[in-house]
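1. next input, structure requested:
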Amino acid sequence: LLAMKFKVEGHTDAQGSEQHNMKLSQNRADSVISYLTSKGVESGRLTGEGKGFSELLLPEKPKAAENRRVRITTQP
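-> This next block holds a predicted model:
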């Protein structure tokens with residue numbers, strides 16, 4: 001269990017440019033990684049990726065707040 005690795009994905013809504021949202025989503029993922037490492041999670045177990053608005057949670061509502069999120073998944 002302690003050897004598990006995780007991917008931290010940052011997501012945005014569809015407001016603004018693609019470039020701005022990619023940076024914003026990466027910053028969002030990096031902030032979560034920073035928090036987790038401050039709580040004792042080894043940084044080598046975490047990778048971050050900004051997804052921008054490429055994977056909207058609510059595609060029918062591209063500007064909805066629910067699209068602005070962080071998702072954490074396990075890595076093989």
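2. what's the spacing between residue 63 and residue 54?
-> For residue 63, the distance to residue 54 equals 15 Å [C-beta to C-beta, to the nearest Å]. For every residue, glycine as well, the C-beta is placed using N, CA and C.
3. under a three-state scheme, what state does residue 6 occupy?
-> Under the three-state scheme (DSSP: H, G, I helix; E, B strand; the rest coil), the conformation of residue 6 reads as strand.
4. element containing the closest residue to residue 70 other than its chain neighbours?
-> Across the structure, with C-beta to C-beta, 6 or more residues apart in numbering as the measure, the residue nearest residue 70 apart from its sequence neighbours is residue 32 (5.0 Å). Using DSSP states H and E, residue 32 sits within helix 18-38.
5. and that helix, what does it pack onto?
-> The contact analysis (3 or more C-beta pairs under 8 Å, 6 or more residues apart in numbering; DSSP states H and E) places helix 18-38 against strand 5-11, strand 46-50, strand 69-75.
6. in TSV, list those strands along with mean neighbour count, distance to residue 23 and mean pLDDT.
-> Putting the helices and strands packed on helix 18-38 into TSV (neighbours: other C-beta atoms under 10 Å; distance: least, C-beta to C-beta, whole Å; pLDDT from 0 to 100) gives the following:
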stretch	mean neighbour count	distance to residue 23	mean pLDDT
strand 5-11	19	10	98
strand 46-50	17	7	98
strand 69-75	12	15	97
